[in-house]
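1. sequence and computational prediction follow.
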Amino acid sequence: MFRLAAGVAAWENSLAELRSRRTASRIWRRDPTLWKSSAEHRKIIENALGWLDVAAGMQGRVEEIDSWCREVADVPNAVLCGMGGSSLAPEVFASTFQRAGRPRLVVLDSTSPEQVRAVRARIDPARTIFLIASKSGSTLETRTHERYFREEAESATGSAAAAAKRFVAITDPGSPLDRLASEERFSKVFRNPPDIGGRYSALSCFGLVPAALCGADISKMLSRARGAMAACREERNNPGVELGAALGALARIGRDKLTIVCSPAFAMFGTWLEQLVAESTGKEGRGIVPVEGERLGEPEIYGNDRFFVYERLRGDSDGSAEEKLDTLAAAGHPVAAFSSNDRYDLAARMFVWEFAVAVAGSLLGIDAFDQPNVQESKDNTAAVLEEFVRTGRLPAGKAGRTEGRLELSGPTLSDFLRSARSGRDYLSLQIYAERDAENEAIVAALREELRASTSCATTVGFGPRFLHSTGQLHKGGPDEGLFLQFVAPGELDVAIPGAAYGFAVFLEAQAIGDARALVSRKRRFLNVRFPGTSADGLRELARRAAEACEESK
């Protein structure tokens, strides 16, 4: 249901534009000129549209996946090591479908030594399945996790051969990970169709293998997705086109802060949507900023840059959220709400959103399938690590100041917040620390304080996880972000087998690498470092931010 208030005319005009261009049928014909016409972009797009019919193609692999899951059904734990598209859909499926009596899936997409230790403490490596998931097969975080857990498994089982039997790869055919899995005799390799980008891979092996492991009926998931495929073939009453028209039209009139609200059963769905929207649209100085996990407030605290979208499961509705959304719609903010009949409809919603974001990309005039700015932070990180190996220390930052126990490089907190433009900018909290319940609660309260003070949208990303999710938008999207980078590697490091540095140095190198990319684009940026535990540091940041908010009023 769409209640778009003043944006309804823009939506209707965009719908008419899309229909006149026969957008739906051209997408299904895999026509790259819907997005870009250059040879470089055509090559990228033509090799990225396998998601359109993957739900049909994967039906033939259901028995292969289910058979393997039956073989390992008595294993108590599974750890999935992956980043971005390789980890976000599995995390959604684990939170939605996890059944008792099936391996409990834990997703590791962090280089925080605190988080690595926390995962290690939860498992017995001799009785754990390790899913190593990477499309390219060369993702540095994932390869590092694989080395760490393989050494732990060898120690626990007593031999390299026994440890290798605990490992399973999900990757593209012929990738470095595919070769490694063959050389090291992993117990299983799931080779994925190579013409699917990471953020569009939820209904391929990258999402279905972990979902089945948790106990989901993946045949039913694929059936629901095929129903959405059929609906998205129509030129009229096409759910993907209608949603994509709203996303693109509202972004073009300044409503580019897509605020995602989910009912409790779909709580993790927003994190998957965040990557899909940010990485697909944030480029060439344009983009849609997904705002995930921000608590709803009263209409007067929002500027005219919001579009609220609600994904709910029938019978699982959050009455408070629905009441607040009704109030927001009555106050003139555009709102769209979508209902699913049961948890398996999540697969259909995923396909509709994939189609919609592709449609929105065509309206915004960008290639929805490339990620031109992602590699820069990776290259910067590699350079920082090379310097550490050569010199034994990380590069020194600019001379900064202290506020309490916080070490700041950049403006003061109050000056940083004063630069925020209400109704236009967003505050991005980039937390290089453990992502656990305590830290998430502290950050949730902090973002409410910042929103109340600045009237700006707030986003949160735990590093390096967000680099594979919203990092493209931060560098390639509109210059509307204020980036507050908080780094707390913790007091105890964890060694990385075969490396001259541990996870703490790796985490800090990633923060430095991304900071360099943001500063090179003259983004508004503030680095905050804390030498102790992440929870203590975040509490200190929250206190200092509250004081800065008072000063900036």
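-> Perfect, thanks for sending it.

2. ok, now how distant is P489 from G532?
-> 10 Å (CB to CB, to the nearest Å). From N, CA and C alone the C-beta is placed, and that goes for glycine too.

3. I should have written L105 there, sorry.
-> Here L105 is placed at a distance of 31 Å from G532 (CB to CB).

4. check contacts around W28.
-> L52, R233 (CB atoms under 8 Å, 6 or more residues apart in numbering).

5. just the pLDDT for it.
-> Note for W28: predicted pLDDT of 98.

6. follow-up on the earlier one: of L105 and G532, which one has the most company?
-> Neighbour count, other CB atoms under 10 Å: between L105 and G532, L105 has more, with 23 against 12.

7. tell me which helix or strand the more buried one sits in.
-> Using DSSP states H and E, L105 sits within strand 104-108.

8. who does that strand touch, helix- and strand-wise?
-> If you count contacts as 3 or more CB pairs under 8 Å, 6 or more residues apart in numbering; DSSP states H and E, strand 104-108 packs onto strand 77-81, helix 88-97, helix 113-122, helix 205-214.

9. paired strands for it, with orientation please.
-> strand 77-81 (parallel) (DSSP bridges).

10. what's the partner strand in contact with?
-> 72, 86-87, 90, 103-109, 119, 122-124, 127-133, 141-142, 145-146, 149, 210, 213.

11. just to revisit the earlier point, so can I have TSV of the helices and strands packed on strand 104-108 showing mean neighbour count?
-> Shown next, in TSV, are the helices and strands packed on strand 104-108 (neighbours: other CB atoms under 10 Å):
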stretch	mean neighbour count
strand 77-81	24
helix 88-97	25
helix 113-122	18
helix 205-214	27
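
12. which one of those lies closest to G293?
-> When these are compared by CB to CB, helix 88-97 sits nearest G293, at 13.4 Å.

13. what angle do that closest one and helix 205-214 make?
-> 20 degrees (axes from the mean of the first three to the mean of the last three CA atoms, to 10 degrees).

14. contacts for helix 88-97, please.
-> 80, 82, 105, 107, 131, 133, 199, 201-202, 206-207, 210-211, 214-216, 265-269, 271-272, 275, 343, 346, 350, 469.

15. domain-wise, how is the chain divided?
-> 2-35+233-364, 72-216, 374-552 (automatic domain parsing).

16. got the ones you listed as JSON lines, with distance to N47 columns?
-> Shown next, in JSON lines, are those (distance: least, CB to CB, whole Å):
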{"stretch": "domain 2-35+233-364", "distance to N47": "10"}
{"stretch": "domain 72-216", "distance to N47": "5"}
{"stretch": "domain 374-552", "distance to N47": "17"}
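
17. of all those, which lies closest to S223?
-> domain 2-35+233-364 (8.0 Å).

18. and the closest one, how far apart are its ends?
-> End-to-end distance for domain 2-35+233-364: 20 Å, by CA to CA, to the nearest Å.

19. what's the answer for stretch 232-246, then?
-> 15 Å.

20. what is the mean pLDDT for that stretch?
-> Per-residue scores along stretch 232-246 average to 96.

21. quick one: contacts of that stretch?
-> 2, 4, 7, 11, 14-15, 18-19, 22-25, 28, 228, 231, 307, 334, 336, 351-360, 362-363.

22. buried residues in that stretch?
-> Of all the residues in stretch 232-246, those buried under the rule 16 or more other CB atoms under 10 Å are C232, N238, P239, G240, V241, E242, L243, G244, A245, A246.

23. and if you look at stretch 146-157?
-> E146, Y148, F149, R150, E151, E152, A153, E154, A156, T157.

24. and it, average pLDDT?
-> Average pLDDT, stretch 146-157: 98.

25. now do the contacts for A488.
-> Counting by CB under 8 Å, 6+ apart, A488 touches Y432, A433, R529, F530, P531, G532, T533, S534, G537, L538.

26. hmm, try it at 7 Å
-> Residues in contact with A488 (CB atoms under 7 Å, 6 or more residues apart in numbering) are Y432, A433, F530, T533, S534, G537.

27. ditto for G537
-> Neighbouring residues of G537 by CB under 7 Å, 6+ apart: F486, A488, F530.

28. again, only this time at 6 Å
-> G537 sits next to A488, F530 when contact means CB atoms under 6 Å, 6 or more residues apart in numbering.

29. W353 too?
-> Under the criterion of CB under 6 Å, 6+ apart, W353 has no neighbours.

30. try 8 Å this time
-> G240, L243, L273, L276.

31. phi, psi of the first one?
-> Spelled out, it's G240. In terms of degrees, to the nearest 10, the main-chain angles of G240 are phi -70, psi -40.

32. nearest spatial neighbour of it, skipping sequence neighbours?
-> F355 (3.0 Å; CB to CB, 6 or more residues apart in numbering).

33. ok, that neighbour touching L18?
-> No - at 11.7 Å, F355 does not count as touching L18 under the criterion of CB atoms under 8 Å.

34. re earlier: can you flag the buried ones in the contacts of helix 88-97?
-> Here, 16+ other CB under 10 Å leaves 80, 82, 105, 107, 131, 133, 199, 201-202, 206-207, 210-211, 214-216, 265-266, 268-269, 271-272, 275, 343, 346, 350, 469 buried among the contacts of helix 88-97.

35. follow-up on the earlier one: centre of the chain to the strand holding L105, how far?
-> 16 Å (CA atoms, centre = their mean, to the nearest Å).

36. also stretch 182-190?
-> That offset, for stretch 182-190, works out to 27 Å (CA atoms, centre = their mean).

37. first to last residue in it, what's the distance?
-> Per CA to CA, the first residue of stretch 182-190 is 12 Å away from its last.

38. what does that stretch contact?
-> In contact with stretch 182-190 (CB under 8 Å, 6+ apart) are residues 65, 68, 132, 150, 160-161, 164-171, 178, 180-181, 205, 209.

39. I253 contacts W11, correct?
-> No - using CB under 8 Å, I253 is not in contact with W11; the gap is 9.7 Å.

40. what segments of the stretch 1-150 of the chain are strands?
-> With strands called from DSSP state E, counting those that start in this stretch, the stretch 1-150 of the chain shows them at 2-3, 77-81, 104-108, 128-134.

41. got the contact list for the first one?
-> Under the contact criterion CB under 8 Å, 6+ apart, strand 2-3 has outside partners V8, W11, E242, A246, A329, P334, V335, A336.

42. narrow these to those that are buried.
-> W11, E242, A246, A329, P334, V335, A336.

43. re earlier: now, which of the contacts of A488 lie within strands?
-> Using DSSP state E, the members of the contacts of A488 that fall within strands are Y432.

44. and which of the contacts of A488 is nearest to V289?
-> Distances from V289 to those, taken by CB to CB, are shortest for Y432, at 20.8 Å.

45. contacts only, for the closest one.
-> Taking CB under 8 Å, 6+ apart, we find Y432 in contact with 112, 462-464, 485-489, 507-508, 510-511.

46. quick one: contacts for the residue nearest to it when sequence neighbours are not counted?
-> Once flanking residues are discounted, Y432 sits nearest to G463: 3.9 Å by CB to CB, 6+ apart. Neighbour list for G463: S110, Q430, I431, Y432, A433, Q485, L507, Q510, A511, D514 [criterion: CB under 8 Å, 6+ apart].

47. okay, stretch 417-424 in CSV with CA atoms only?
-> The C-alpha trace of stretch 417-424 is given here as CSV (Å, rounded to 0.1, in the frame of the first residue of the first chain):
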residue,chain,number,x,y,z
LEU,A,417,27.7,18.2,14.4
ARG,A,418,27.1,21.9,13.7
SER,A,419,28.0,21.3,10.0
ALA,A,420,25.0,19.0,9.6
ARG,A,421,22.2,20.4,7.3
SER,A,422,18.8,19.5,8.7
GLY,A,423,16.5,17.8,6.2
ARG,A,424,19.4,17.1,3.8
